[in-house]
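K.L.:
Following is a predicted model, sequence given first.
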Amino acid sequence: MRLLMYSQDGMGLGHLRRTHNIAREILAHRPEAAILVVADSPVAPFFTPIPGMTFLKLRTIVKVGHAEWRVGNETMSVDQAVNQRGQQIVDAFREFQPDVIAVDHMPLGAMGELRPLLDTAPDETNPPRMVLGLRDVLDSPDTIREAWEGLGAYDYLERYDSVLIYGCKDVYDAEAAYDLSPRAKDVTYCNYVAPPKNRQHTAARTNDPFVLVMGGGGADAFPLAKAFLDATPSIQQIRPLHALIITGPNMPQAERQELVDQAAGTTVEVETSVEDPTALLKRATAVVTMGGYNSLVEVLQWRKKALVVPRRAPSAEQQLRSQLFADRGLVRMLNPDALTAEKLGDALLALLEDDAVPAESNVPPLDGARRAAALLLNDGVLEGAPTSRLAVPN
């Protein structure tokens, strides 16, 4: 099996991490498979591949507003970059000749760059199977419908053999929210994609009890990290804690240095990244995090108390997901417009005393990587993961 996976994630790490989790599951059960990941994340060149998986790094483009993009740190125009990327993708497809193409997040890719691929692939002698994978929440329904209508994405949905939703219908009905069913041939809810729970991890470096602060890729995590550092003195007057802030690789150097300088001499450490973040997450007393898909899913995987401060912009995705999870008693949420050191400190202290979070009975199924892998393999190789339409969890 040859699988081409497209992952667009110019700001963070989420799409690339989810892609990696699914690829790992495929290769665990089909070691002879070959997977080519086409990605534009700034960290893609440093993202450790696994045997059987290789990367093609596209020029990075970043979404900065509704339907507004810029090209990384370069002077090239967005149109030039999109045209170049689209041609690279078609060239990679022709050279790699995949059996399956899995597109993440956008039916036509960023700025419609997958249109040439979707126009080319069906005309091949042995056309690949086309699969679109969508996370639970993309943005507000009106925003997605308007953007997809403007790009003509709905006209291309029927070219996909199936649409996989990396979430649960009873948490969020993405099929209805984004008006998929009138055009999509098949829509399958795969459950949430979490890393495997049976992996071995090294011991954490920090002392217990401690708070783990996560900023995803880190491009816009500075306000959260700064508010936490500002709140630390008042928190420790009530409950002494150690803490570790993982800024993420995309935080600007000047912002990271400001955090390092402020944390010097305190019980708070600041790191860009760590070799084994899961080991730290497993041992954390509580987690302070943004509302990215992977961050929240991993918090639930290890049943951790979490205070979530979602991203304010450029999309409503994190705020919608965080509110959905908060309403189910899975996390506590602090609105980003209300983020101050005082409010964050009060919310964290309240969370530390709240043993009802996360509400165990409301934790959704987290076996999405296994189910998605089975569907991409299109056979019954994974025990307990049906290849037909999956039942909605109760």
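P.N.:
In hand now; what should we look at?
K.L.:
got a list of what Ala243 touches?
P.N.:
Contact analysis of Ala243 by C-beta atoms under 8 Å, 6 or more residues apart in numbering lists 206, 210-213, 228, 232, 267-269. Every residue, glycine included, has its C-beta placed from N, CA and C.
K.L.:
one more time with 7 Å, if that's ok
P.N.:
Listed by C-beta atoms under 7 Å, 6 or more residues apart in numbering, the contact set of Ala243 reads 210-211, 213, 232, 267-268.
K.L.:
Format those residues as JSON lines; extra columns: distance to Val308, neighbour count and pLDDT.
P.N.:
Listed next are those as JSON lines, based on distance: C-beta to C-beta, whole Å; neighbours: other C-beta atoms under 10 Å; pLDDT from 0 to 100:
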{"residue": "Phe210", "distance to Val308": "18", "neighbour count": "20", "pLDDT": "88"}
{"residue": "Val211", "distance to Val308": "13", "neighbour count": "25", "pLDDT": "96"}
{"residue": "Val213", "distance to Val308": "12", "neighbour count": "28", "pLDDT": "97"}
{"residue": "Thr232", "distance to Val308": "19", "neighbour count": "22", "pLDDT": "96"}
{"residue": "Thr267", "distance to Val308": "23", "neighbour count": "15", "pLDDT": "93"}
{"residue": "Val268", "distance to Val308": "20", "neighbour count": "23", "pLDDT": "95"}
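K.L.:
Now Met130: closest residue in space, sequence neighbours ignored.
P.N.:
Tyr160 (4.6 Å; C-beta to C-beta, 6 or more residues apart in numbering).
K.L.:
tell me which helix or strand of the chain sits lowest on mean pLDDT?
P.N.:
Scoring the helices and strands of the chain by mean pLDDT, DSSP states H and E places strand 62-65 at the bottom, with a mean of 68.
K.L.:
Extract the residue ranges of the stretch 251-394 of the chain that are flagged as low pLDDT.
P.N.:
The model of the stretch 251-394 of the chain has pLDDT under 70 over residues 379-394.
K.L.:
and if we set it to 50?
P.N.:
380-394 (pLDDT under 50).
K.L.:
The residue nearest to Met130: neighbour count?
P.N.:
Per other C-beta atoms under 10 Å, the neighbour tally for Tyr160 reads 22.
K.L.:
Output the below-cut-off pLDDT ranges for the stretch 101-250 of the chain.
P.N.:
For the stretch 101-250 of the chain, the ranges with pLDDT under 50 are 201-204.
K.L.:
try 70 this time
P.N.:
Checking the stretch 101-250 of the chain against pLDDT under 70 turns up 198-208.
K.L.:
which residues in it form helices?
P.N.:
For the stretch 101-250 of the chain, the helices defined by DSSP state H, counting those that start in this stretch cover 115-120, 141-151, 153-157, 174-177, 222-238.
K.L.:
What is the burial count for Asp337?
P.N.:
With other C-beta under 10 Å as criterion, Asp337 counts 7.
K.L.:
What distance do you get for it to Ala347?
P.N.:
Separation of Asp337 from Ala347 (C-beta to C-beta, to the nearest Å): 14 Å.
K.L.:
that older thread, closest one of the contacts of Ala243 to Met333?
P.N.:
Val213 (15.6 Å; C-beta to C-beta).
K.L.:
didn't that closest one look like it was pressed against Ile245?
P.N.:
Yes: using C-beta atoms under 7 Å, Val213 is in contact with Ile245, at 4.3 Å.
K.L.:
Spatially, what comes nearest to Gln262 if we skip its sequence neighbours?
P.N.:
Once flanking residues are discounted, Gln262 sits nearest to Leu229: 5.2 Å by C-beta to C-beta, 6+ apart.
K.L.:
Using PDB, list the CA coordinates for stretch 237-251.
P.N.:
Extracted C-alpha coordinates of stretch 237-251, given in PDB (Å, rounded to 0.1, in the frame of the first residue of the first chain):
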ATOM      1  CA  GLN A 237       1.100  31.800  48.500                       C
ATOM      2  CA  ILE A 238      -1.900  29.400  48.600                       C
ATOM      3  CA  ARG A 239      -0.500  26.300  47.100                       C
ATOM      4  CA  PRO A 240       3.200  25.900  46.300                       C
ATOM      5  CA  LEU A 241       3.700  24.200  42.900                       C
ATOM      6  CA  HIS A 242       6.400  23.500  40.400                       C
ATOM      7  CA  ALA A 243       5.600  24.300  36.800                       C
ATOM      8  CA  LEU A 244       6.900  23.700  33.300                       C
ATOM      9  CA  ILE A 245       6.000  25.900  30.400                       C
ATOM     10  CA  ILE A 246       6.500  24.300  27.000                       C
ATOM     11  CA  THR A 247       6.400  27.300  24.600                       C
ATOM     12  CA  GLY A 248       6.400  25.300  21.300                       C
ATOM     13  CA  PRO A 249       8.900  25.700  18.500                       C
ATOM     14  CA  ASN A 250       7.000  28.500  16.700                       C
ATOM     15  CA  MET A 251       7.000  31.100  19.600                       C
END
